[in-house]
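S.K.: My questions are about this predicted structure, shown below with the sequence.
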Amino acid sequence: MSRVVFWGLLGLILWVPWPLGADRPLPGAAMALWVGVLLALWGIFVARRRGAGSRGADRYAMPVALLFATAMIWLAVQTAAPLPEQMAPEAVRQAAALLDRPRPAGIGLNADAAWTTLMRILAYAGVLFLAWEYGRDRADARKIGLTVLIAVIACSIYGLIVQFAGLDSILWFPKTAYLDSVTGPFVNRNSFATYVGIGLVVALAFAVGLLLRRRPHQRSQDKQPNRDWQTALLALAAMLLAVTLVMSKSRGGFYSFGLAIVAGGALLVLGGSLRGRKLAATIAGGVVAITVVLATAGAGLTGRLQQGAASIALSRGAI
């Protein structure tokens, strides 16, 4: 049953970006149902398992899980619990008076949207939990990463084809926003750029893994050609995803990717994996790659990055 849950998780990763990023009511509910079934099956498997030990990292996850549960409980309480009148937002009180209806029990502005949000966040947490559990096995962790990479590459290729062909559509729906940006099967370019950034981080992680295994005392002539092919494919995938990222013209997606790279690089340096010439070569290669991609395909993104300071100084800064 454990493998059924694992393959179900991989299937979810491959399916979920295509129905508009599962950001509409029906695909969002289907995603939540899929995750719920996987969690139920995983619970049955754990209940039947005997003598299972815990990891040392689990005790660090527990405080995070408690904080998350507290936030979710508060979301439910503020939506449904009969809280005092003075806690209700002024907009809710005015709307109830204008419509001549009793004030809703909770203090939220939109109870239906709140329950939908709770469902979606719990589904995301379920995916994170399953990835955390199966990621303890190195082989399964690599399969999860490879599945993510395949899914993101497929969405990126689709988005580039649609953009260069001038189709102005998302699947069979007309594209009504961000017509000059690559959004793949997503509606919002920021969401798509963040998604592509995740895939690019995974590709670079695999590349760093190959780099770190290229040590003199571990080299063997029979495995070297295979690693060369893997390195070439990863470089091609990373270049494809980098071009897609900049062609989304999303500043937020670009910033989030940059933050992820800095965080990942810091972990590798602190862990002693990257040092000396390897660290210098990695930094130099990254700078060159970013410069080349921005120079060839990033005109729209660089223009928006230059406008960012003005945007922050005006409306977004006030918000």
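M.R.: In hand now; what should we look at?
S.K.: what sits against Leu38?
M.R.: Counting by C-beta atoms under 8 Å, 6 or more residues apart in numbering, Leu38 touches 5, 8-9, 12, 126, 130. C-beta here means a position set from N, CA and C on the backbone, and glycine is covered the same way.
S.K.: For it, give its distance to Gly264.
M.R.: Counting by C-beta to C-beta, to the nearest Å, the gap from Leu38 to Gly264 is 27 Å.
S.K.: what's the answer for Glu133, then?
M.R.: Counting by C-beta to C-beta, the gap from Glu133 to Gly264 is 22 Å.
S.K.: what are the ranges of the strands in the chain?
M.R.: 169-170, 173-174 (DSSP state E).
S.K.: List the contacts of the residue lying closest to Ala76 once chain neighbours are set aside.
M.R.: Once flanking residues are discounted, Ala76 sits nearest to Leu118: 6.3 Å by C-beta to C-beta, 6 or more residues apart in numbering. With contacts defined as C-beta under 8 Å, 6+ apart, Leu118 is in contact with 72, 75-76, 79.
S.K.: Tell me which of these fall in helices.
M.R.: Among the contacts of Leu118, the members falling in helices (DSSP state H) are 72, 75-76, 79.
S.K.: which sections of the stretch 201-319 of the chain are below the confidence cut-off?
M.R.: For the stretch 201-319 of the chain, residues meeting the criterion pLDDT under 70 lie at 214-225, 282, 284-286, 288-319.
S.K.: Ignore what I typed, I meant the stretch 51-200 of the chain.
M.R.: 51-57.
S.K.: now with 80?
M.R.: Low-confidence segments of the stretch 51-200 of the chain (pLDDT under 80): 51-60, 82-89, 91-93, 96, 101-110.
S.K.: still on that earlier bit, what distance do you get for the residue nearest to Ala76 to Gly106?
M.R.: In terms of C-beta to C-beta, Leu118 sits 12 Å off from Gly106.
S.K.: Val77 now?
M.R.: 8 Å.
S.K.: ok, now Leu279?
M.R.: Distance of Leu279 to Gly106, given as C-beta to C-beta: 52 Å.
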